[in-house]
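**Student:** Attaching a predicted model along with its sequence, questions to come.
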Amino acid sequence: MEDDVVKIEISEDQGQPNEAVSAPTYFQFWLADGTVMMRSASLDGADLPHPEGQGDTLEVRWVTLPYDLPGRAVAIRFVPEAKELIEVGGETTEPSEPSELTLIVARDTTALERRIRFLMVLLLVAGAATVPIALMVAWFIVARGLRPLASVGENISAIRHEDLDVRIGVAGLPEEFVPVVDKLNAVLVRLEAAFECERSFTGDVAHELRMPLSGLRSIMEVALRKDRNAEEYKQSLDECMNVTERLQAVIESLNLLSRLDAGQLPFSREPVKIGEVVDACWLAEAPRSRARGVSFENQIPGNLACSSDHEKLAMILSNVLNNVSEYADDHGRIWATGSTVDDGVEVTISNTGCTLTAAEA
């Protein structure tokens, strides 16, 4: 404001293209009542779109310039600053209240949009050319990276149940695959142990069943070799009955093991005195052992106890005592000892062994 008049200073080349600005710039001022105060000469009397906002902040938007040209405009409302005081009748007074002005500056974006369209086409063409190349490179990299995994898969598929001792090598594998192969080898170790346990169990079952069946057949073959009296037949039948009872006990034990593996039998814990269980289990073996002159001594301390299932522990100890009695020579000796080991109890049942001659073998 100067002398109550708003003065606007615009350079002569304002609005003309230059090296820094590739498109002409347009401007226009409005007074508060909407009167056009000044516009750039390049507008040729046309008006720029009047800004819609009411505040004093910058308003930026896309606009349509005269002659339907695309443009980008920025507008702001402000109050011009008073430049100097006014002297009237020897007195200095403040100029009148400045009027609010609205300024909009716009630039032609035709060249910019043309360049953007060119870049868009360029990107589309470049993308169309690079995507197939990128896919081929990605396929090559992925195929090469998965080649060790495919090799591991072939090694796994080549393993048969009789080759469970084979282990998959990790030489040449990427570090990321090594933990996976280690886990697979650990699984193979467990599978080998499980198959070995199954083979061992099958062999043990065959051994346990073959012995009583062989004995039963031998007794019947001897009995049928010649005519015998009633007493001799009765004796043979008694022997067959004893063998049958042993065979039935073996089958019941196998059935019990199967049910235990299937989790069909509950396991209850209770305080168990080991010495008392051993004494009770020996009662079934004592008559036959005494008849052969085999002695038994229970050296397990009376206070030695553990937490276990009384019935199942008795079955295990009965089996051990039966074996140690059966495979002891006449007039031999059997003894049982026990002690506490770490958090458990260790029981040892021993005998003086058995001796077989070459003929008996």
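**Tutor:** The structure has been received and is ready for your questions.
**Student:** where does the stretch 1-150 of the chain dip in pLDDT?
**Tutor:** By pLDDT under 70, the weakly predicted segments of the stretch 1-150 of the chain are 1-6, 10-23, 53-56, 82-98.
**Student:** Show me the helices in it, by range?
**Tutor:** For the stretch 1-150 of the chain, the helices defined by DSSP state H, counting those that start in this stretch cover 110-157.
**Student:** wait, is Val324 part of a helix?
**Tutor:** Yes: the assignment for Val324 (DSSP: H, G, I helix; E, B strand; the rest coil) places it in a helix.
**Student:** Excluding residues flanking it in the chain, which one is nearest it?
**Tutor:** Asn351 (4.8 Å; Cβ to Cβ, 6 or more residues apart in numbering). Where you see a C-beta, it was placed from the backbone N, CA and C, and this is true even at glycine.
**Student:** what's around the one you found, how many residues?
**Tutor:** Counted with other Cβ atoms under 10 Å, the neighbours of Asn351 add up to 19.
**Student:** Also Thr25?
**Tutor:** 17.
**Student:** so it makes contact with Thr109?
**Tutor:** No: using Cβ atoms under 8 Å as the test, Thr25 is too far from Thr109 to be in contact (11.2 Å).
**Student:** follow-up on the earlier one: now do the contacts for the residue nearest to Val324.
**Tutor:** Contact partners of Asn351, counting by Cβ atoms under 8 Å, 6 or more residues apart in numbering, are Val324, Ser325, Tyr327, Ala328, Gly332, Arg333, Ile334, Trp335.
**Student:** okay if I get these as JSON lines plus secondary structure, pLDDT and neighbour count?
**Tutor:** Below are the contacts of Asn351 laid out as JSON lines (DSSP: H, G, I helix; E, B strand; the rest coil; pLDDT from 0 to 100; neighbours: other Cβ atoms under 10 Å):
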{"residue": "Val324", "secondary structure": "helix", "pLDDT": "91", "neighbour count": "21"}
{"residue": "Ser325", "secondary structure": "helix", "pLDDT": "90", "neighbour count": "21"}
{"residue": "Tyr327", "secondary structure": "coil", "pLDDT": "87", "neighbour count": "12"}
{"residue": "Ala328", "secondary structure": "coil", "pLDDT": "89", "neighbour count": "22"}
{"residue": "Gly332", "secondary structure": "coil", "pLDDT": "91", "neighbour count": "19"}
{"residue": "Arg333", "secondary structure": "strand", "pLDDT": "93", "neighbour count": "15"}
{"residue": "Ile334", "secondary structure": "strand", "pLDDT": "94", "neighbour count": "20"}
{"residue": "Trp335", "secondary structure": "strand", "pLDDT": "95", "neighbour count": "16"}
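**Student:** Name the nearest of those relative to Leu123.
**Tutor:** Val324 (88.7 Å; Cβ to Cβ).
**Student:** Count the residues that sit near Leu135.
**Tutor:** Using other Cβ under 10 Å, the number of residues around Leu135 comes to 10.
**Student:** Work out for me the element Ser289 sits within.
**Tutor:** helix 274-291 (DSSP states H and E).
**Student:** And for that helix, what's in contact with it?
**Tutor:** 295-296, 298, 300-302, 304-306, 310, 313-314, 317-318, 321-322, 325, 328, 334, 336, 338, 345, 347, 349.
**Student:** can I assume Ser339 sits in a strand?
**Tutor:** Yes: the assignment for Ser339 by three-state DSSP puts it in a strand.
**Student:** my guess is it contacts Val345, does it?
**Tutor:** Yes: counting by Cβ under 8 Å, Ser339 does reach Val345; the two are 7.4 Å apart.
**Student:** Find the residues that touch each one of these two.
**Tutor:** Leu304.
**Student:** These two: which has the busier surroundings?
**Tutor:** Val345 (17 against 12).
**Student:** List the neighbouring strands of the helix or strand hosting the more buried one plus their orientation.
**Tutor:** Assigned by DSSP H and E, Val345 belongs to strand 344-351. When pairing is defined by DSSP bridges, strand 344-351 lines up against strand 333-341 (antiparallel).
**Student:** how distant is the strand it pairs with from the center of its chain?
**Tutor:** On the basis of Cα atoms, centre = their mean, to the nearest Å, strand 333-341 sits 48 Å off its chain's mean C-alpha point.
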